[in-house]
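Visitor: Structure of the sequence below:
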Amino acid sequence: MSLSAITATLSSLKSCQGDIQTGMDIVTDVAMDLAEAQDIEVNPDIKELEAMMLECAKLDREINYFVDVVQQVTSEVATQQSEAMFGLSAKVREQFTERIARLSDAELHNHQKVAAFKESIKNSFNQANQGSADNLEELDEDIAVTQSQSNFTCPLTQVEMENPVKNKKCNHHYDEKAILGLIRTRHGQKKKCRCPVVGCGNTDVKESDLILDQMLRRKIQIQKRNSNRT
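Guide: Numbers count the residues shown, from 1 in each chain. Now for the predicted structure:
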């Protein structure tokens with residue numbers, strides 16, 4: 001196999017990874033619907049959905065490690081004789097197996113989307129208990145009334161966010177793709193990333209500070225549906 005073929009394969013894997021993460025968002029939406037209607041402590045469906053999220057997180061993690069190992073091994077053999085390519089598969093398999101063996105499934109609970117799933121379920125259940133939304137239709141009405149108080153616009157792109165993330169340090173929201181792009185650009189320039197919200201004193205936004213806000217994403221989707229109806 002040529003190095004160009006390997007690059008194409010890794011690109012396909014990353015595309016699959018994007019599909020996995022989209023699936024995790026869908027699972028979270030389904031679980032939030034259930035949490036708004038039932039007691040999450042006795043709802044076996046939500047427990048099953050959480051188990052599904054953990055399996056997706058495991059696959060996502062394994063793809064990350066596999067891609068990392070392949071890139072590392074291929075960079076090592078790229079400057080060697082072509083004969084080195086014959087042992088590439090075995091070397092990748094060996095290093096990947098070693099890395100996976102050191103991992104603990106307990107770490108999967110720290111996966112960004114798993115953590116967001118748990119937080120979203122908790123918020124949905126609390127919202128249902130407070131009587132603010134007994135079902136999705138009532139939630140739609142609530143969002144319609146309060147949407148003027150909610151800011152769905154990314155401070156970077158100035159357009160409606162698709163995947164909002166919350167900065168746990170300053171509590172500001174941004175579109176995930178936009179803020180990650182800014183952070184990486186600033187780091188590439190050997191600079192810190194300042195929060196793009198005017199007047200914010202947070203001068204060092206890190207990727208680890210960002211938390212997916214599934215509740216806000218859901219509100220944005222509901223507002224978009226309501227707009228389409230009108």
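
Visitor: next SSE after the least confident helix or strand in the chain by mean pLDDT?
Guide: Least confident helix or strand, the chain: helix 136-146 with a mean of 49, by mean pLDDT, DSSP states H and E. Using DSSP states H and E, the helix or strand that directly follows helix 136-146 along the chain is strand 164-167.

Visitor: Can you identify the element that follows that following strand toward the C-terminus?
Guide: Along the chain past strand 164-167, the next helix or strand (assigned with DSSP H and E) turns out to be strand 173-175.

Visitor: What lies in contact with the following helix or strand past that following strand?
Guide: If you walk from strand 173-175 toward the C-terminus, the next helix or strand you reach (DSSP H and E) is helix 176-188. By Cβ atoms under 8 Å, 6 or more residues apart in numbering, the surrounding residues in contact with helix 176-188 are 154, 156-157, 162-165, 192-193, 196, 205-207, 210, 212. Placement of C-beta: from N, CA and C, glycine included.

Visitor: Can you name the next helix or strand after helix 176-188?
Guide: Sequence-wise, the next helix or strand downstream of helix 176-188 (DSSP H and E) is strand 210-212.

Visitor: Dump the helix or strand following that following strand to CSV, restricted to CA.
Guide: The first helix or strand that comes after strand 210-212 along the chain, using DSSP H and E, is helix 214-229. C-alpha atoms of helix 214-229 as CSV (Å, rounded to 0.1, in the frame of the first residue of the first chain):
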residue,chain,number,x,y,z
GLN,A,214,-26.8,20.5,24.0
MET,A,215,-29.7,22.4,25.6
LEU,A,216,-28.9,25.5,23.6
ARG,A,217,-28.4,23.5,20.4
ARG,A,218,-31.9,22.1,21.0
LYS,A,219,-33.4,25.5,21.5
ILE,A,220,-31.8,26.7,18.3
GLN,A,221,-33.2,23.8,16.4
ILE,A,222,-36.7,24.4,17.8
GLN,A,223,-36.5,28.1,16.9
LYS,A,224,-35.5,27.1,13.4
ARG,A,225,-38.5,24.8,13.1
ASN,A,226,-40.8,27.5,14.3
SER,A,227,-39.4,29.9,11.8
ASN,A,228,-39.9,27.5,9.0
ARG,A,229,-43.5,27.0,10.0
